[in-house]
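J.: sequence and predicted structure, then a few things I'm wondering about:
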Amino acid sequence: MEQYQIDFQHSFDSFFIERIKRTESFNMTANDCHDVYEIYYMLSGERYYFIQNRNYLVRKGDLVIINFNELHKTTDASNVVHERILINFRPKFLKDMPIKKDGVDLLSCFRPSRILRLTLEEQHFVETLLKKMIKEENCRPIGYELHVKVLLIELLLFIARYNSDHWECNFTFQNALHEKISEIVSFMCKNYHEKISLRTIENQFFISPYYFSRSFKKITGVTFVEYLNRIRVLEGQRLLKDTSKPITCIAEEIGYDSVTHFERKFKEITGLAPMNFRKSVKLQ
């Protein structure tokens, strides 16, 4: 296994790059959701990539871009052998760089999260940029940090320029069950503020609670209730950051019966109490 990491401030704090080749089964135990942008490039092999509400088969040459706080998870495909390069970074890593210029916001390319299916020429271009980043970290010549930033901007510009026709790739569902789970997750994302239970899902989608619970956990990596709480907490974070609404009002607005329940789940998922989260955002 080869692994490379760049850490200019604190571990995972600003920028992280990693290249790994796996020859044994590896499944993320739960959906990942973090306050960084993510770029995932498949050098070889295949993986299933669950993003927000559906599963995609990611294969050699695909570039996956994941937005801030987007629920996602990777799992084994039929052949577990694969090699990929992963980048995580926060906006502050590029704070001194021209990421907003001439009407172009390079970070907007992450909205929404998606998969880019690249041509051979495009694959070569992207791989060259990524391998240059890794080489800069290994050798660390004068100005290597600046060079990595320049290479990252070049990669973001490539993504931003990517032809809109390519963005709309026709990714088929693995099977009917995956399509059903995708429909249910979309329903949850639209109706999280309502009371949603297993009985709600059973009545709406004609699926048994037991079968649904097992299938949902297998595909998404978390239970139905855990996923619903993550959706609600993400919206709670947005409201705490973008509005001055009282925490009690936010709790009710996103579907919690009590502010105590909201505060408990919020801290479980984010590591901070809602009030502390709001204060931390104001300090940024």
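T.: Ah, there it is.

J.: drop to CA atoms for contacts and neighbour counts, all remaining ones
T.: Noted.

J.: quick one: the strands in the stretch 1-150 of the chain?
T.: With DSSP state E, counting those that start in this stretch, the ranges of strands along the stretch 1-150 of the chain come out as 15-22, 37-44, 46-51, 54-59, 62-66, 72-76, 82-89, 100-101, 104-105, 114-117.

J.: indicate which one of these is closest to I184.
T.: I184 sits nearest to strand 54-59 of all the strands of the stretch 1-150 of the chain, at 9.8 Å, using C-alpha to C-alpha.

J.: quick one: mean pLDDT for the helix or strand where Y211 lies?
T.: Y211 is located in helix 209-220, with elements delineated by DSSP states H and E. If you average the pLDDT over helix 209-220, you get 91.

J.: what's the nearest residue to Y256 if we skip its chain neighbours?
T.: In space, Y256 comes closest to F262 once its chain neighbours are excluded; the distance is 6.1 Å by C-alpha to C-alpha, 6 or more residues apart in numbering.

J.: ok, now H82?
T.: Once flanking residues are discounted, H82 sits nearest to G45: 4.2 Å by C-alpha to C-alpha, 6+ apart.

J.: can you report how many residues lie near that neighbour?
T.: 19 (other C-alpha atoms under 10 Å).

J.: touching, it and N79? I think so.
T.: Yes. Counting by C-alpha atoms under 8 Å, G45 does reach N79; the two are 7.3 Å apart.

J.: overlap of the contact sets of these two?
T.: Counting by C-alpha atoms under 8 Å, 6 or more residues apart in numbering, G45 and N79 have no shared contacts at all.

J.: convert the helix holding Y211 to CSV, retaining C-alpha atoms only.
T.: This file holds the C-alpha atoms of helix 209-220, laid out as CSV (Å, rounded to 0.1, in the frame of the first residue of the first chain):
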residue,chain,number,x,y,z
PRO,A,209,-40.0,-2.2,7.5
TYR,A,210,-37.7,-5.1,8.2
TYR,A,211,-36.6,-5.5,4.6
PHE,A,212,-36.2,-1.8,4.2
SER,A,213,-34.2,-1.4,7.4
ARG,A,214,-31.7,-4.1,6.4
SER,A,215,-31.4,-2.9,2.8
PHE,A,216,-31.0,0.7,3.8
LYS,A,217,-28.2,0.0,6.2
LYS,A,218,-26.4,-2.2,3.7
ILE,A,219,-26.5,0.4,0.9
THR,A,220,-26.0,3.6,2.8
